[in-house]
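**Q** next input, structure requested:
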Amino acid sequence: MEELTKTEERVMQIIWQLKKCFVKDIIDELPDDPKPPYNTISSVVRLLEKKGYVGYKAYGKTYEYFALISKSAYRKASFSKFFSGYFDSSAESLISFMIKEEQLGDEDIKKMRDIINKNTNHE
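**A** Now for the predicted structure:
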């Protein structure tokens, strides 16, 4: 799965949210003020299509876009790359970082323990 730029990822987030959309719909959802030009967003969507992230249905010269890759599949691939690159695929390193740097509270740690216990106790 080819990596996305920040702009491409931002547009993909909107496409996932809307399910099906036209370029004008994407622009409407962007919080930017002023809004980016139509051609700019259209170019980003075409790059996403070339990378295999989106498909489209043509209505004459107008295109309705939809995701070909689910948000969960992208999240999994992105996290795997992040996890291996920054934490050497070590859960201990990741959790230690989260506790030290993000200052997780006791309640957060309890929730993590509950999730771990829930997913490791197969009775």
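**Q** how's this structure carved up into domains?
**A** Domain assignment for the chain by automatic domain parsing gives 6-67, 90-123.
**Q** rank those by pLDDT, which is bottom?
**A** Note on the domains of the chain: lowest mean pLDDT is at domain 90-123, with a mean of 81.
**Q** helices and strands around the longest helix that the chain contains, which ones?
**A** Determined from DSSP state H, the single longest helix within the chain is helix 71-87. Contacts defined by 3 or more Cβ pairs under 8 Å, 6 or more residues apart in numbering; DSSP states H and E place helix 71-87 against helix 6-18, helix 91-101. Where you see a C-beta, it was placed from the backbone N, CA and C, and this is true even at glycine.
**Q** now distance to residue 41 and mean neighbour count too, for those helices, in CSV please.
**A** Listed next are the helices and strands packed on helix 71-87 as CSV, based on distance: least, Cβ to Cβ, whole Å; neighbours: other Cβ atoms under 10 Å:
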stretch, distance to residue 41, mean neighbour count
helix 6-18, 7, 16
helix 91-101, 35, 12
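**Q** for residue 72, find the nearest of those helices.
**A** Taking Cβ to Cβ, helix 6-18 is the member of the helices and strands packed on helix 71-87 nearest to residue 72, at 9.6 Å.
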